[in-house]
Each structure stands twice: as structure tokens, then as C-alpha cells.
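*Asks:* model this:
(chains A and B)
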Number of protein chains: 2
Amino acid sequence: MDKIMICIIGSGNWATTIARNVGRNVLNSQTLDEKVPMYVYEEIVEGRKLTEIINTTHINSKYMPNFELPPNIVAVDDIVTTARDADIIIFAIPPTFVSSCCKTLLGKVKPTAHAVSLIKGFERGDDGQFVLISQIIMRQLKIPCSVLVGCNLAHELAHDHFAEGTVGCRDQKYYRVLHDIFKSPTFRVVVTEDADCVEICSTLRNIIAFAAGCSDGMELNENTKGGIIRRGFLEMLQFVDVFYPGCRMGTFFESCGISDLVTSCYANRNRKLAEAFVKTGKPLSELEHILIPGHEPLGPVTAELVHHMLKKKGLEDKFPLFTTVYRICTGDYPLQRLVETLIKAREDIFHPLHTFQL
Amino acid sequence: MDKIMICIIGSGNWATTIARNVGRNVLNSQTLDEKVPMYVYEEIVEGRKLTEIINTTHINSKYMPNFELPPNIVAVDDIVTTARDADIIIFAIPPTFVSSCCKTLLGKVKPTAHAVSLIKGFERGDDGQFVLISQIIMRQLKIPCSVLVGCNLAHELAHDHFAEGTVGCRDQKYYRVLHDIFKSPTFRVVVTEDADCVEICSTLRNIIAFAAGCSDGMELNENTKGGIIRRGFLEMLQFVDVFYPGCRMGTFFESCGISDLVTSCYANRNRKLAEAFVKTGKPLSELEHILIPGHEPLGPVTAELVHHMLKKKGLEDKFPLFTTVYRICTGDYPLQRLVETLIKAREDIFHPLHTFQL
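*Replies:* Prediction:
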């Protein structure tokens, strides 16, 4: 039987970090091909081609200069050559490049290939709904697409610090393989079939991290942050229940749910963006450039799209935290409204028999 | 109809803080008696009786010197006089005094009275199981006992910072009343009938906060803390499922569950104790006295009792975080075992169809 071939599309720090795990893991397998092509957008770095640097020094000197790649990771400057023979195509590129990559690859990959998206973010659909990145890949490339979510801090994983990841896998055949290629001795990977839920959780948490950052910017207390996390977790559950029915509660207890939420509320850049937003009083449009060059501020952008979806269904009142974050970002609500929201949320639902109904 | 009379047993900072809320709230009610007796263990403070100071200055100069009590809170130096006519008896005393108070009060309170415990902690039963404080009160005083859990930081509540509390109420008749007497404009109170779950959650979280403190002491990363919180939350759910069947999942989404857990892992004294335990290398028995004068270190003590219960049922392996905390406290495991536990936990349960089964 032919060995399963894996390729990686992308060469940023997250792509490179995960390439280290994949490159090492395939060497320990009887069923996986040793060679892992990695598509590298060609750049000249200190007078040399980046692909050449990677293939001779095994260091991605542009995006991950302090870490060595296993020599079986082979940089390729052509995306079709990279993906042509692959059975598993791992996408780790900025969301804005997804469509053009898929267009280039359409009809040029194995019809049996399986994609895995490591891409954070989403697109707006024509109907005003979220379009998840994995859905874009599936629609455009006509192959199934799983997702790997978790570990926002690439360098922590690269340094072999503990991290967790959740794979939402859309083909039973790949449950074990995707687990085995991503994990490392310090990177705990769990696989579930609940792929939509995994991906949407990792998107929604940015709204809550933004709220947590506002709380930090206002120098509120720990109980307020705890209240934001609790309320946000409930609204995540409810949102998925309304818009992605069929998802499972258990997925929220995986790292894509509760742990990514908590760590984001204490450490991610949406939190930092919100803190700066409150402390400087500057509009978000100015701060984006300071804090996240080249990226949309995921918290506010997600809040906007979520708000649009809730409004269409007349559900704004049932999602007071999401609504409040959106309106704080637009300037319609003062910051103080955040605490009011926590106090008043569901106060009307006095529910001795069922404290929580999804 | 006679008005409902409330009394408070205790005069420490948590008792005094909650007395401020109760004292104010009864004034806004048609059905509650205005006068709220508060049992104060008599002490001489700067040459005057503490009861006399409270009743003339309306300040508990010993335990809460910077906050005024409403004048309808009346300090009483005799516990029977305090509770005799009360319909709702609020207990806010150290756990070691519960039994003696109940013995003194037995037969001296209204047979229709309803108790509410604000006491943190538990006792060891003869069978090696937890005995919850509310169960001790019910057993000894022969009246139902509800619980109020949440807001560990009395001074934050006193300063009107946001906080949440959960009431586990054992009599439907008191759902609304207990909500109304404890709440304040910044203290959000939710009532549920799931009283056992409310109380046990607030106990178990101390084990997890201790683990979080170990992680801080070892200067591990945010992902590790997120992993501890996630794993701990799962073990809380599982523990309740095994030992307190019939509790509801929704209760874990109230403040007694997820928010108290998160805030404890970032801010409570078990976390701090564990951090000192790791950083100083001193045995817990020395640090207790430094950090929590007069109190048992709840994290280690809870871990010990939980371990005993799990061992009896042969379930240690199913609760790897709880077991690891216990064994770190006893010195059987090195600290490094904490991260190993997170990595290995449930790795054996490779469960693509159900990521979480309770």
C-alpha cells in the first residue's frame, strides 16, 4: 500500500511550528511518507531565496529563525507541485489567501485528498452568516476539510511548553492519523467529529476576550472577568445551539472550548487590543495597526457579524454580552454598560427548576 | 400575616458584608421584618463591647472597620436570643463552630425556620465521605438548610464591585426571598434548587486552584493554566456525577461553577498557598500559618478527602488531576507530574464519537 503523503501550505510561524511536529511524527510511522513538502511563498531574505535557505539550513530564517526544522520538511516554491501528490493537505496561511490558493489547486490535487485548516477567522457569506474557513476550502476545492484549533502561541509550542489542540475531523478514516501527525510530547491533541463546533468556538471566543480586555482596561476586578467568561461561555453554547444545531456539549469541554476561552481572556491579542482601546480612548481603526499589523481585529469583527446574525433572528436580547461588545465597538454603548450587562443578564429568567436550558 | 424575620449568626467580614445587603434589602420589602438581629461573639475592642460599638456606631470596628451597617442590623451577644424568632437563619461562622452553635440552638428556634449556610468548607464523615456544612446544620438543627456560594472577596462586594453568587435553595417557598435579601445593585444572585451541587462545586474548586498555583509557582505558561482549569472542570463534573448523582449540568454554568473556578485559579488564597509551596519549597504545614492564619488549607485538605473517596471506589485513574494534586501535597509526586498529568489525561480515551461522556 502506498504511504500517506502529507503537505503543508504556508510558511509563517504557525505553519513552521506545526511543520516541526508533522516532520518529526511522520518519521515514527510505518504508514506515512517521510517527505513532507511545504509550500513557501518565495521571498528573498538577505540575498537568498527563502526556499533555498530552508532546504539547506533547515531554518525558516524569516518567520521562525530560532528553531530547526526536520530535514524531511522540504520547501517548495510552487503550490501545485507541493500539493499534487498529497493525501493530507494542511493549510496554514492567512485567511485572505484561502480563495486564491483553492482556485489554483482546484483539479490539481488528488480527488481523494483530505484538507486540514489551521486558519483562524471566517468570511461573511452572502446571507450574512459566518462562512467558516473549512467550508470555503470544501466548497472551492471539492474535498473534505478538517480543522485544528488551539495553541495560539506558536512560540510556546515551539519551545515545548504544554499546549492543547482540538481536531475537528470530517472523515473517520483520518481520526487517528490527524492525532498522530500533530501531537508532540507537550502538545496534547484530541480528535472529535464535531468540526463545525470546534471552528466556531475558536471564532466566538474572540468576542469574549475583547470584553475581558475592556474589563482590564477599566481596571475592574477578578470577579468581573470571571463573570465575563461565564456569561460568554453560555452565549457560545447558545449561539452554537441556535445556528449550528447538532453540535455537542462535550466539544465545549475540549481545549477549543473552555481552555482557549480562558487563556484568550487572560493572554490573547484581542484582550490586549481591547485594553488599549479603553486606556487610550483611540478608535479601533487606529489601534488595529498598532497591535495587529495586517490582520483584522477578530473580536470586533466577529462581534459585528454575530450581531448581524442575531438581529436577523431577533435574538439580540438573548445574547446580551455579544450585543454589548458589538455596541461598545461601534460607540453606541458606553464602556460602563459591560458591567450592567453582566448584572442584568438573565435576571429576568428566574429559573429555580432549570438553571440552564440550552 | 406576620413578616418574615431574618437573623445572621456571625460577625466576621463576610457576615458583616452580607449583613449590609440583607439590612438594606429588608427595608425595601413589604413582607420582611425590618429588624435583623446579628449574633456577635462578644469581644472587648478598645475598651468597649463589640455589640455596643456596632449598635451605637453601626460599624463593626473589629472585622469591617471602613463600612457602615444599616441601623436595622442589631448586634446581639446571645445566639439563642438572636435566632429565637427568626424564619431565616443565616450562618456565617467558621466551620469549626457549626456543631456547637447548632447544639446550642437545637429546640430553641422556630420549627418552621429555614437555615442558609454561607460557610466554606466541609467535614469528614465517618464513612470517609464529604459531609457538607449544610448537611451538618440540617442534621443537627432539624431544619432545612440552603447555601449561598460565591464572591470570595468580601471587600470587593463591600466596595460595590461586581460579583456573582449562587443560592442552592432547599425549599421552593424561599427561592424569591433568598434572591431578594442577598442581592445588591452589583451583586448578581441566581437561585437554583441544586443545593448539593452548588456547595460541592465551591469545595472542589480549591483543589484546582491549588494546581493552578503550583503552575504559577513553576512559572509555567498560560496554556498550562488553561489546561488545568479545563481538566479540573471536567473532574468536577465527573466527581459530582459519581458521588452526587441527580445534580444538573446547568449548575456548573452558574457562578458557583465556572466563574468561581476561573477566579479562584487566578486570585484565591489556595492558588497563593500553592505558589508559595512551590517557590519556597517549605512544607505546607509551615505555610498554612503564614498564609491562612487559623484556617485549614482548603486545597490540600479537599484533595486528601477526595482522594480517599476515589480510592474507595477504585477511581483514582479517572481523576488524574485530583489524584496528582493530592500526591504532590503528600510529596509522593514531584511537581513536574502536574504537566505530565495534563498531557496524558484521557489520552487513552480516544473518542471520536463522543468527546465527553458524563
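*Asks:* what's the burial count for the closest residue to A:Phe162 other than its chain neighbours?
*Replies:* In space, and not counting its chain neighbours, A:Phe162 is closest to B:Thr224: 4.6 Å by CB to CB, 6 or more residues apart in numbering or on different chains. Bear in mind the C-beta positions are built from the backbone N, C-alpha and C, glycine included. Number of residues near B:Thr224 (other CB atoms under 10 Å in any protein chain shown) recorded here: 27.
*Asks:* And B:Thr224, its phi and psi?
*Replies:* Backbone torsions of B:Thr224, given as degrees, to the nearest 10, read phi -70, psi -40.
*Asks:* same deal with A:Ala115?
*Replies:* Main-chain torsions, A:Ala115, degrees, to the nearest 10: phi -90, psi 150.
*Asks:* still on that earlier bit, thought the residue nearest to A:Phe162 was touching B:Asp216?
*Replies:* No: taking contacts as CB atoms under 8 Å, B:Thr224 lies outside contact range of B:Asp216: 9.4 Å.
*Asks:* so what's A:Lys282 up against?
*Replies:* Counting by CB atoms under 8 Å, 6 or more residues apart in numbering or on different chains, A:Lys282 touches A:Ala276.
*Asks:* per-residue confidence for it?
*Replies:* At A:Lys282, the model reports a pLDDT of 91.
*Asks:* quick one: the strands in the stretch 1-150 of chain A?
*Replies:* All strands of the stretch 1-150 of chain A, identified by DSSP state E, counting those that start in this stretch, fall at A:6-9, A:36-39, A:44-45, A:48-49, A:59-60, A:64-68, A:73-76, A:88-91, A:114-117, A:122-124, A:130-132, A:145-149.
*Asks:* So which of those strands is nearest B:Leu32?
*Replies:* Closest approach to B:Leu32 among the strands of the stretch 1-150 of chain A (CB to CB): strand A:130-132, 48.8 Å.
*Asks:* List the strands paired with that closest one, with their directions.
*Replies:* Using DSSP bridges, strand A:130-132 pairs in its sheet with strand A:122-124 (antiparallel).
*Asks:* Pull the residues that contact the strand it pairs with.
*Replies:* Strand A:122-124 is contacted from outside by A:Pro95, A:Phe130, A:Val131, A:Leu132, A:Ile133, A:Ile136, A:Thr203, A:Thr302, A:Leu305, using CB under 8 Å, 6+ apart.
*Asks:* could you point out where the stretch 51-200 of chain A is predicted with low confidence?
*Replies:* The stretch 51-200 of chain A contains residues with pLDDT under 70 at A:151-153.
*Asks:* re earlier: of the contacts of strand A:122-124, keep whichever come out buried.
*Replies:* Burial by neighbour count, judged by 16 or more other CB atoms under 10 Å in any protein chain shown, picks out A:Pro95, A:Phe130, A:Leu132, A:Ile133, A:Ile136, A:Thr203, A:Thr302, A:Leu305 from the contacts of strand A:122-124.
*Asks:* Can I get the host helix or strand of the last one in PDB, CA atoms only?
*Replies:* Secondary structure here is read from DSSP states H and E; on that basis A:Leu305 sits in helix A:298-312. The C-alpha atoms that make up helix A:298-312 are tabulated as PDB, following Å, rounded to 0.1, in the frame of the first residue of the first chain:
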ATOM      1  CA  LEU A 298     -11.000  39.500  15.300                       C
ATOM      2  CA  GLY A 299     -13.000  40.400  18.400                       C
ATOM      3  CA  PRO A 300     -14.800  43.500  17.000                       C
ATOM      4  CA  VAL A 301     -15.200  41.900  13.500                       C
ATOM      5  CA  THR A 302     -16.700  38.700  15.000                       C
ATOM      6  CA  ALA A 303     -19.000  40.700  17.200                       C
ATOM      7  CA  GLU A 304     -20.200  42.600  14.200                       C
ATOM      8  CA  LEU A 305     -21.100  39.500  12.200                       C
ATOM      9  CA  VAL A 306     -22.600  37.800  15.200                       C
ATOM     10  CA  HIS A 307     -24.700  40.800  15.800                       C
ATOM     11  CA  HIS A 308     -25.900  40.800  12.300                       C
ATOM     12  CA  MET A 309     -26.900  37.100  12.600                       C
ATOM     13  CA  LEU A 310     -28.700  37.700  15.900                       C
ATOM     14  CA  LYS A 311     -30.500  40.700  14.700                       C
ATOM     15  CA  LYS A 312     -31.900  38.800  11.700                       C
END
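*Asks:* buried stuff in it?
*Replies:* Buried positions in helix A:298-312, judged by neighbour count with 16+ other CB under 10 Å: A:Leu298, A:Gly299, A:Pro300, A:Val301, A:Thr302, A:Ala303, A:Leu305, A:Val306, A:His307, A:Met309, A:Leu310.
*Asks:* Going by distance to A:Ala115, which of the residues you listed wins?
*Replies:* Distance to A:Ala115 across the buried residues of helix A:298-312 (CB to CB) is lowest for A:Leu298, with 22.0 Å.
*Asks:* If I look at that closest one, what pLDDT would I see?
*Replies:* Per-residue pLDDT puts A:Leu298 at 86.
*Asks:* Let me know how buried A:Gln336 is, in neighbour terms.
*Replies:* Neighbours around A:Gln336, by other CB under 10 Å: 10.
*Asks:* domain assignment for chain A?
*Replies:* The record's domain parsing of chain A by the TED database lists A:6-193, A:203-344.
*Asks:* related to what we said a few turns ago, show me what the helix holding A:Leu305 is packed up against.
*Replies:* If you count contacts as 3 or more CB pairs under 8 Å, 6 or more residues apart in numbering or on different chains; DSSP states H and E, helix A:298-312 packs onto strand A:122-124, helix A:195-217, helix A:269-280, helix A:320-330.
*Asks:* Out of the ones you listed, which one sits most buried?
*Replies:* Of all the helices and strands packed on helix A:298-312, helix A:195-217 carries the top mean neighbour count, a mean of 27, counting by mean count of other CB atoms under 10 Å in any protein chain shown.
*Asks:* Tell me which of the strands of the stretch 1-150 of chain A is the most buried.
*Replies:* strand A:6-9 (a mean of 28).
*Asks:* and the residue nearest to A:Phe162, what does it touch?
*Replies:* Listed by CB under 8 Å, 6+ apart, the contact partners of B:Thr224 are A:His161, A:Phe162, B:Ser215, B:Val339, B:Leu342.
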